[in-house]
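1. Provided below are the primary sequence and the corresponding predicted coordinates.
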Amino acid sequence: MNKLVLRPDSFARSPVEAVLIVASLVAAIVFGYSVYQRAQMSNQPPAQQSLDYPPGSQIQDSGHLALAGSSLTLVLMTSSSCHFCAESLPFYRRITPKAHSDGVRVVAITREDPDVNKNYLAASGVAVDDVLFADDDGIRVAATPTLLLLRSDGSIVNSWVGKLTAAQEKEIWSSL
């Protein structure tokens, strides 16, 4: 009968093998942690539930939004990397000309470089009066897309988050 005998010299590894084993363990731990983080993020409630812009609340305009220049301002919070924003572009192409013809100022607010967002909207056929960086007025962009309808005093008429339903699109259309 053969017996398996483990001797200390049978575990000896070259320095290269030891480094590769340690690197593999570190990579496995980092990968496992990133999978865990993604799983935790997917369990978060949707941004729509945590929106901080209820109708009647106030936004302080430091001048960048130029709210005083129009009785109403439609704010589009968008990002060129947001797939719901891309899906919303057909509605934005329809609503922005109506807003302009009704004297409503249209401003896009973004967390990305405003020039990137401006080019994205222009290439998509969405005409806006200005594109601002979100921190310029302290407006927190909780989720994109988000639409705000603001009065000249900064009070919020209404807000909509995410890809709009047909009923929400009609609501925005009739609110202008």
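-> The structure has been received and is ready for your questions.

2. after the top helix by length along the chain comes which helix or strand?
-> Criterion DSSP state H: the longest helix present in the chain is helix 15-42. Note on helix 15-42: by DSSP states H and E, the next helix or strand toward the C-terminus is strand 72-77.

3. show the average pLDDT along that following strand.
-> Averaged across strand 72-77, pLDDT comes to 94.

4. got the domain ranges for this protein?
-> 12-42, 47-175 (automatic domain parsing).

5. from the chain's centroid, how far away is the shortest one?
-> Taking the mean C-alpha point of domain 12-42 and that of its whole chain, the gap between them comes to 31 Å (Cα atoms, centre = their mean, to the nearest Å).

6. pull out the buried positions in that domain.
-> By 16 or more other Cβ atoms under 10 Å, domain 12-42 has no buried positions at all. Using the backbone N, CA and C atoms, a C-beta is placed for each residue, glycine as well.

7. and whichever helix or strand Leu150 is part of, which strands flank it?
-> Assigned by DSSP H and E, Leu150 belongs to strand 146-151. Here strand 146-151 has these sheet partners by DSSP bridges: strand 72-77 (antiparallel), strand 156-161 (antiparallel).

8. so where is this protein shaky, pLDDT-wise?
-> 1-13, 36-52, 135-138, 140 (pLDDT under 70).

9. residues in contact with the most centrally placed residue in the chain?
-> The centre of the chain sits closest to Thr144, judged by Cα atoms, centre = their mean, with a distance of 3.8 Å. When contacts are counted by Cβ atoms under 8 Å, 6 or more residues apart in numbering, Thr144 touches 77-79, 82, 84-85, 110-111.

10. which of those residues fall within strands?
-> 77, 110 (DSSP state E).

11. most surrounded residue in the contacts of Thr144?
-> Among the contacts of Thr144, the one with the most neighbours (other Cβ atoms under 10 Å) is Thr78, at 30 neighbours.

12. thinking again about what came up before, export the contacts of Thr144 to a markdown table and tack on distance to Ala18?
-> Formatted as a markdown table, the contacts of Thr144 follow (distance: Cβ to Cβ, whole Å):
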| residue | distance to Ala18 |
| --- | --- |
| Met77 | 52 |
| Thr78 | 51 |
| Ser79 | 45 |
| Cys82 | 46 |
| Phe84 | 48 |
| Cys85 | 49 |
| Thr110 | 49 |
| Arg111 | 44 |
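
13. closest to Ile95 among the contacts of Thr144?
-> Thr78 (12.9 Å; Cβ to Cβ).

14. roughly how far apart are the closest residue to that closest one other than its chain neighbours and Ala142?
-> Excluding the flanking residues, the one nearest Thr78 by Cβ to Cβ, 6 or more residues apart in numbering is Cys85, at 4.6 Å. Plainly put, Cys85 is 14 Å away from Ala142 if you go by Cβ to Cβ, to the nearest Å.
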